[in-house]
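Asks: no sequence for this one, just the structure:
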């Protein structure tokens with residue numbers, strides 16, 4: 001975790017009234033070390049490597065707090081477990097329809113998507129997401 005990100009996370013915890021416990025820090029570190037957008041079970045297995053006594057429920061609770069205070073974002077796709085992302089800024093994700101791997105798509109920007117939608121509708125827009133799905137290179141090669 002970079003120094004700026006760690007300062008931002010500590011500030012979010014301070015403002016929220018929550019404490020950055022060792023379990024929450026372990027979950028954050030696992031998210032930072034993981035490839036792609038891991039599920040809660042993936043995070044649990046990473047945390048368990050360093051702390052064999054951690055419980056799955058503890059990981060779920062930590063993920064819930066981290067999402068609530070805006071440190072991470074939960075990604076929900078049909079037929080796939082919820083995935084977690086440290087990148088809460090505007091970006092585009094792509095999900096493999098076969099293996100479920102999730103990656104970020106570099107170079108595609110849509111920072112003003114919510115503003116554009118707000119201007120085009122009378123709805124109160126609270127969140128805008130774009131779902132991109134396809135086959136990852138490994139699954140595509142399998143045919």
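Replies: Everything's here; your move. Note that this is a predicted model, so its numbers are computed, not measured.

Asks: rest of the way, CA atoms for contacts and neighbours
Replies: OK.

Asks: In the protein, what residue spans correspond to strands?
Replies: 73-75, 83-85, 92-96, 102-105, 132-134 (DSSP state E).

Asks: buried sites along the longest one?
Replies: When you say that, I think you mean strand 92-96. Buried residues in strand 92-96, defined by neighbour count with 16 or more other CA atoms under 10 Å: 92, 93, 94, 95, 96.

Asks: now for those residues, which pair is the farthest apart?
Replies: Farthest-apart pair in these is 92 and 96; separation 13.6 Å (CA to CA).

Asks: still on that earlier bit, so which of the buried residues of strand 92-96 comes closest to residue 113?
Replies: residue 92 (11.3 Å).

Asks: Does the closest one touch residue 104 like I think?
Replies: Yes. Contact criterion CA atoms under 8 Å: residue 92 and residue 104 qualify, at 5.8 Å.

Asks: So what touches stretch 135-143?
Replies: For stretch 135-143, the external contacting residues (CA atoms under 8 Å, 6 or more residues apart in numbering) are 95, 96, 97, 98, 99, 101.

Asks: Show me what the mean pLDDT comes to for that stretch.
Replies: For stretch 135-143, mean pLDDT is 92.

Asks: any idea how far the closest residue to residue 133 other than its chain neighbours is from residue 36?
Replies: Excluding its sequence neighbours, the residue lying closest to residue 133 (CA to CA, 6 or more residues apart in numbering) is residue 95, at 4.8 Å. Between residue 95 and residue 36 the distance, using CA to CA, to the nearest Å, works out to 10 Å.

Asks: Ok, residue 125 next?
Replies: For residue 125 relative to residue 36 (CA to CA), the value is 27 Å.
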